[in-house]
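Chemist: Generate a structure from the sequence data that follows.
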Amino acid sequence: MNQPSSPALHTSALTSLPLLARGKVRDNYAVGEDRILMVASDRLSAFDVIMGEPIPGKGELLTQMALFWFDKLGHLCPNHLTGDAPESVVSPAEAAQVRGRSMLVRRLKPIPVEAVVRGYLAGSGWKEYQQSQSVCGVPLPAGLTNAARLPEPIYTPAAKAAVGEHDENITFEQTVDMIGADLATRIRDLSIAIYKAAAEMALAKGMIIADTKFEFGLAPDGTLVLMDEVLTPDSSRYWPVEGYADALARGENPPSYDKQFVRDWLEQAQIAGKPWDKTAPAPRLPREVIEKTAAKYREALDRLMG
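Modeler: Below is the predicted model of the structure:
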């Protein structure tokens with residue numbers, strides 16, 4: 001995997017297309033009435049707060065990884081890719097801003113549910129399990145430890161929040177109330193099937209996908225379509241197989257290929273002598289944290305495609 005081919009991009013600034021929205025990482029532009037240009041910036045968000053410093057090459061790495069998974073998982077679910085080149089819809093002067101870091105996708109009706117699948121007990125799931133022996137209303141066996149593999153992957157959806165707000169964990173029953181039993185069931189079953197297929201492929205490359213989240217939309221004809229990003233280190237917790245057993249035995253978080261490194265640093269970061277309260281603005285990321293995070297993202301892609 002080569003080094004990033006362009007300078008770090010914290011925020012895109014296209015003038016040839018109307019801006020629809022800026023998310024935590026992606027800037028979305030309207031291309032006519034039926035397509036969207038999704039530009040993956042090098043921004044990084046942690047605890048739902050966008051960091052001030054970009055992670056060089058991150059947007060390109062995320063895009064390559066998402067395209068890899070869309071290709072591998074196409075037999076399970078249609079996706080939102082159009083197959084058209086992103087450079088074809090912007091002015092020549094703006095091509096460098098989108099090259100390698102963008103996807104030109106179909107415009108869909110987004111479903112306001114984040115489809116979260118967990119195969120291992122980690123993060124907020126582990127915290128919740130210690131209090132209730134369940135995660136998002138899903139009861140689990142007694143005696144599990146941090147980073148333990150679950151007997152079967154579980155579906156723990158979240159309600160999508162506005163930028164800067166925290167997504168809210170909800171029960172499957174609440175998703176039924178939101179979008180109807182048929183659609184809620186299809187999303188749950190499809191999400192678990194996609195996770196299982198991807199987890200098996202990643203394991204063959206020496207990586208564990210501990211958990212992930214998917215987003216879906218509806219095409220005009222009602223087809224359920226996988227959209228946004230898929231199985232990137234921003235939307236998934238990736239662990240290398242090496243080191244996992246030792247971390248599990250110690251009850252610690254395994255080494256990871258995602259932004260856990262940044263999260264761990266932020267957990268001990270201080271502003272004006274006090275622990276950061278996880279609201280904007282975030283502490284400034286040291287160069288070492290930026291470089292190590294960029295290297296983690298690169299290594300994940302190298303392994304996956306190797």
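
Chemist: ok, the residue nearest the centre of the chain to residue 284 distance?
Modeler: Nearest to the geometric centre of the chain sits residue 235, at 1.4 Å (CA atoms, centre = their mean). Residue 235 is 25 Å from residue 284, where distance means CB to CB, to the nearest Å. In short, each C-beta sits where N, CA and C put it, glycine included.

Chemist: How about residue 228?
Modeler: For residue 228 relative to residue 284 (CB to CB), the value is 29 Å.

Chemist: Report the buried residues of stretch 186-205.
Modeler: 187, 188, 190, 191, 192, 194, 195, 196, 198, 199, 201, 202 (16 or more other CB atoms under 10 Å).

Chemist: do stretch 80-89 as well
Modeler: 80, 81, 82, 86, 87, 89.

Chemist: How about stretch 25-36?
Modeler: Neighbour counts using 16+ other CB under 10 Å place 25, 26, 27, 28, 29, 31, 35, 36 of stretch 25-36 among the buried residues.

Chemist: Give me the contact list for it.
Modeler: 11-12, 14, 17-22, 37-41, 43-45, 59, 62, 82, 84, 89, 104-107, 228-229, 234 (CB atoms under 8 Å, 6 or more residues apart in numbering).

Chemist: just to revisit the earlier point, what about the buried residues of stretch 186-205, which are in helices?
Modeler: Using DSSP state H, the subset of these located in helices is 187, 188, 190, 191, 192, 194, 195, 196, 198, 199, 201, 202.

Chemist: Now the fourth one: closest residue in space, sequence neighbours ignored.
Modeler: Spelled out, that is residue 191. Closest residue to residue 191 in three dimensions, ignoring its sequence neighbours and counting by CB to CB, 6 or more residues apart in numbering: residue 115, at 4.1 Å.

Chemist: do you know how far the one you found is from residue 228?
Modeler: For residue 115, the distance to residue 228 equals 11 Å [CB to CB].

Chemist: got any residues that touch both of these two?
Modeler: 214, 215.

Chemist: State the paired neighbours of the strand ranked longest in the chain in the sheet, together with their directions.
Modeler: As assigned by DSSP state E, the longest strand anywhere in the chain is strand 207-218. Looking at strand 207-218 with DSSP bridges, its partner strands are strand 109-110 (antiparallel), strand 113-120 (antiparallel), strand 224-227 (antiparallel), strand 236-240 (antiparallel).

Chemist: With distance to residue 297 and mean neighbour count as extra columns, can I get these in JSON lines?
Modeler: Shown next, in JSON lines, are the strands paired with strand 207-218 (distance: least, CB to CB, whole Å; neighbours: other CB atoms under 10 Å):
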{"stretch": "strand 109-110", "distance to residue 297": "26", "mean neighbour count": "12"}
{"stretch": "strand 113-120", "distance to residue 297": "20", "mean neighbour count": "24"}
{"stretch": "strand 224-227", "distance to residue 297": "22", "mean neighbour count": "22"}
{"stretch": "strand 236-240", "distance to residue 297": "10", "mean neighbour count": "24"}
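
Chemist: Switch the ones you listed over to a markdown table; also include mean pLDDT.
Modeler: Shown next, in a markdown table, are the strands paired with strand 207-218 (pLDDT from 0 to 100):
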| stretch | mean pLDDT |
| --- | --- |
| strand 109-110 | 96 |
| strand 113-120 | 97 |
| strand 224-227 | 97 |
| strand 236-240 | 95 |
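
Chemist: Residue 218 is nearest to which of those strands?
Modeler: strand 109-110 (4.5 Å; CB to CB).

Chemist: so the residue nearest to the centre of the chain makes contact with residue 211?
Modeler: No: counting by CB atoms under 8 Å, residue 235 does not reach residue 211; the two are 9.5 Å apart.

Chemist: Would you mind listing the residues in contact with residue 259?
Modeler: 44, 46, 233, 234, 293.

Chemist: before we move on, back to that, tell me the mean pLDDT for the longest strand of the chain?
Modeler: Here strand 207-218 scores 97 as its mean pLDDT.

Chemist: do the same with stretch 149-160
Modeler: Computed over stretch 149-160, the average pLDDT equals 95.
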